[in-house]
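Chemist: Using only what follows, build the 3D model:
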Amino acid sequence: MAQLTTPARPGRRTVRWWRGAVLLLAGVYFVVPLAASFWFSIDDPQGISFAAYTGLLSAPGFLDSLWLTLGLAVVTVVVLLLLLVPALISVRLGSPKLRPVLDVLCTLPLVVPPVALTAGLIGVLRWGPDYLMDTPFFQTFVFIQDPDFPLVLVIAYVLMALPLAYRALDAGLRSMDVRTLVEAARNCGASWPRAVFTVVLPNLRGALLNASFLTLALVLGEFTTASILGFQPFPVWIYSVGNSQAHMSVAVSILSLLLTWLLLLLLATAGRERRAKTATS
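Modeler: From the prediction side, this is the model:
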């Protein structure tokens, strides 16, 4: 008996063709400027030179600014997760009616431009020494402005990254039934902290990675606040180097972009492995 074959649908080929065209245009849009920047960084009147890359480690301030930015990023991620994770889990388990309030509070920084936020921080930092000179809080204002590790930047970064991290964590919590998981763990004899740490947080690992990556990307690229406040993390160092060594500035920018893409790739790979393990178990 002859087998009946289903004719191919022409619409699928059209969709695939347009999908490939869109991906090609997107690739050209990103690759061409990156390739032009790379060529500029190695172009030299005497020929091709990689001095802009080989001289990075010996460049004054490179490692100091890089380690400062990474340290600020780590502290910002830790502070954000310590603030958001308990708040989101508590609201979802105990006070669902407060979710709209938490949503508004966490997304409010989106309407405040970084320049306005920085201007507000400058006003507070100027107000403190004038009115708190004879109090213990004066040393707090001095401590958070330490040039070696300015905690005032952590405060600014936490506020700027708050909406991004909140959305990532909220999406992760929406994808699972937190109340059922916690009640099941409690019925098995687990305490509230143990139920959260052993049941909720492992299922929230993808959302935690997303929030951490978004925060890290923001800190690695934030320039306005640090520049106005007079500190020199990595983005500000790139700008200052660009005034005297344009090739090195472009080289550092390319490496910073590639580092961000690498972190995104690792995050996507970790997410796929997590989904594969969940599907096979």
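Chemist: tell me the strands in the protein, going along the chain?
Modeler: 43-44, 47-48 (DSSP state E).
Chemist: any idea of the mean pLDDT for the last one?
Modeler: For strand 47-48, mean pLDDT rounds to 76.
Chemist: Next: stretch 217-227.
Modeler: Mean predicted confidence for stretch 217-227 is 88.
Chemist: Start and end of it, how far apart?
Modeler: End-to-end distance for stretch 217-227, by C-alpha to C-alpha, to the nearest Å: 17 Å.
Chemist: buried set for it?
Modeler: Residues of stretch 217-227 classed as buried: Ala217, Leu218, Val219, Leu220, Glu222, Thr224, Thr225, Ala226, Ser227 (neighbour count, 16 or more other C-beta atoms under 10 Å). For glycine as for every other residue, the C-beta is placed from the backbone atoms N, C-alpha and C.
Chemist: can you pull out the helices in this protein?
Modeler: Under the criterion DSSP state H, the chain contains helices at 10-42, 51-54, 62-94, 99-107, 114-131, 137-143, 151-174, 178-187, 192-195, 201-203, 205-221, 224-229, 234-242, 246-280.
Chemist: least reliable of those going by mean pLDDT?
Modeler: helix 246-280 (a mean of 71).
Chemist: Make TSV from the buried residues of stretch 217-227 and add distance to Pro233 to it.
Modeler: Shown next, in TSV, are those (distance: C-beta to C-beta, whole Å):
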residue	distance to Pro233
Ala217	14
Leu218	12
Val219	8
Leu220	9
Glu222	8
Thr224	12
Thr225	10
Ala226	5
Ser227	9
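Chemist: quick one: which of those is nearest Arg126?
Modeler: Looking at the buried residues of stretch 217-227 and their distance to Arg126, the nearest is Thr225, at 15.8 Å (C-beta to C-beta).
Chemist: Touching, the closest one and Leu117? I think so.
Modeler: Yes - Thr225 is within contact range of Leu117, at 7.0 Å (criterion: C-beta atoms under 8 Å).
Chemist: which neighbours do those two share?
Modeler: Here Thr225 and Leu117 share the contacting residues Ala156, Met160, scored by C-beta atoms under 8 Å, 6 or more residues apart in numbering.
Chemist: Pretty sure Leu117 sits against Leu159.
Modeler: Yes - the criterion here is C-beta under 8 Å, and Leu117 meets it with Leu159 at 6.4 Å.
Chemist: picking up where we left off before, dump the strands of the chain into TSV; add mean neighbour count as well.
Modeler: Below are these laid out as TSV (neighbours: other C-beta atoms under 10 Å):
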stretch	mean neighbour count
strand 43-44	12
strand 47-48	8
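Chemist: Would you reformat those as a markdown table and include distance to Val78?
Modeler: A markdown table is the format used below for these (distance: least, C-beta to C-beta, whole Å):
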| stretch | distance to Val78 |
| --- | --- |
| strand 43-44 | 42 |
| strand 47-48 | 43 |
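Chemist: Thanks a lot, catch you later.
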